[in-house]
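Asker: the following comprises the amino acid sequence and a computationally predicted model.
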Amino acid sequence: MERVLITGITGGQGQLIAQHLLASGRGEYRVYGVDRKPWPGRPREIRMTVADVGTRKFEDVVRRVKPDCVVHLASVRHFRVHPAVRHEVNVVGTKSLIDFAVEHGVGQIIVNSSSYVYGALPDNPYYMDESFPLSVSRTYPDVRDLAEMDMVATAALWQHPEVAIAVIRPVNVLGARVNSAIGKYLRREYVPTVIGFNPMLQFIHEDDLARAFATAIRSRARGVFNVAGAGALPLHAAIPRIGGTALPVPEIVLRTMVRTMFQWGLYPFPPGAIDFAKYQCTLDDSRFRETTGFEPEHSLAETFDDAHL
């Protein structure tokens, strides 16, 4: 059996990847997990350790398990922690994980990044491939650590050619189990938008993203890959598909409102996120499809239908 170690396994996406490997691997995979919290009711086939990535306890897990592949999902994506903590977990933790994995002979590492690292900017083209610069820090400094985490993993590609390292940059993820930023935004009763702007958005079903990770493992994909679902649609068309109502607001009013509500803990996103409601951040995913043969199974309609669950 191939041993796969998943960090951040108790999150919705981690659970889906683990269960997909067990269900579709025909006995090929033995799945291990590491997370900061336990997974009550986890499948008995999955062996799990409670630990922080980057600590000696995590290194002990890598040494003991001797995984063939490490799937790294353990990152902080919310904004209710200090920026220094986000940097420590996302950037320093990723660097430590790669160092531990290389030292102990892990042959494959897959790091979960995000389409957000490209940034939402007025001069973004249709569609950005993996060579496009990571510009999110220019307008959205709150997520600088995600771009830095991505760059740490990308640099390791060239530093460690003996390891099959893949950096996955998925578009907006929707589903019943994944607590994504886009899901939080679209599920509000009234969804604030910027008057005069209606950017195109891409989506991928949570099950398709789990399949994408499994496909990357099987194909031993090496490189940086955009991963997208079955299609795209404008923001104002996406909002009613989830059940909300668009609330167009002048930009200066919206930024002031979001900044105040975020500071008071009444809104989950800082004002820098507004740019993703103004400008497109659409990706060319042809490299991943051509390299691995991946094709999403869920249509855009099915993706939105399942986001209601």
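Answerer: That came through fine.
Asker: quickly list what the closest residue to V65 other than its chain neighbours is bridged to.
Answerer: Once flanking residues are discounted, V65 sits nearest to Y32: 5.2 Å by C-beta to C-beta, 6 or more residues apart in numbering. Backbone N, C-alpha and C define where each C-beta goes, glycine included. Beta bridges link Y32 to L5, R47, judged by DSSP bridges.
Asker: hang on, isn't Y32 packed against T7?
Answerer: No. Applying C-beta atoms under 8 Å as the test, Y32 and T7 come out as separate, 9.9 Å apart.
Asker: distance of the residue nearest to V65 from R47?
Answerer: Separation of Y32 from R47 (C-beta to C-beta, to the nearest Å): 5 Å.
Asker: also P271?
Answerer: Applying C-beta to C-beta, the value for P271 to R47 is 43 Å.
Asker: same check on T245?
Answerer: The gap separating T245 from R47 is 46 Å, by C-beta to C-beta.
Asker: more crowded one of the two?
Answerer: Higher neighbour count among T245 and R47: R47, with 14 against 10, using other C-beta atoms under 10 Å.
Asker: test my guess that the more buried one contacts V34.
Answerer: No. If you go by C-beta under 8 Å, R47 and V34 don't touch, sitting 10.1 Å apart.
Asker: quick one: secondary structure of S75?
Answerer: Put simply, S75 is coil when judged by DSSP: H, G, I helix; E, B strand; the rest coil.
Asker: excluding its backbone neighbours, what's nearest it?
Answerer: In space, S75 is closest to N90, 4.8 Å off (C-beta to C-beta, 6+ apart).
Asker: that neighbour against L146, yeah?
Answerer: Yes. In terms of C-beta under 8 Å, N90 counts as a neighbour of L146; the distance is 6.4 Å.
Asker: now do the shared contacts for the two.
Answerer: Common contacts of N90 and L146, defined by C-beta atoms under 8 Å, 6 or more residues apart in numbering, comprise S75.
Asker: phi, psi for the closest residue to R220 other than its chain neighbours please.
Answerer: Nearest residue to R220, sequence neighbours excluded (C-beta to C-beta, 6+ apart): A164, at 4.7 Å. Note on A164: backbone dihedrals following degrees, to the nearest 10 are phi -80, psi 90.
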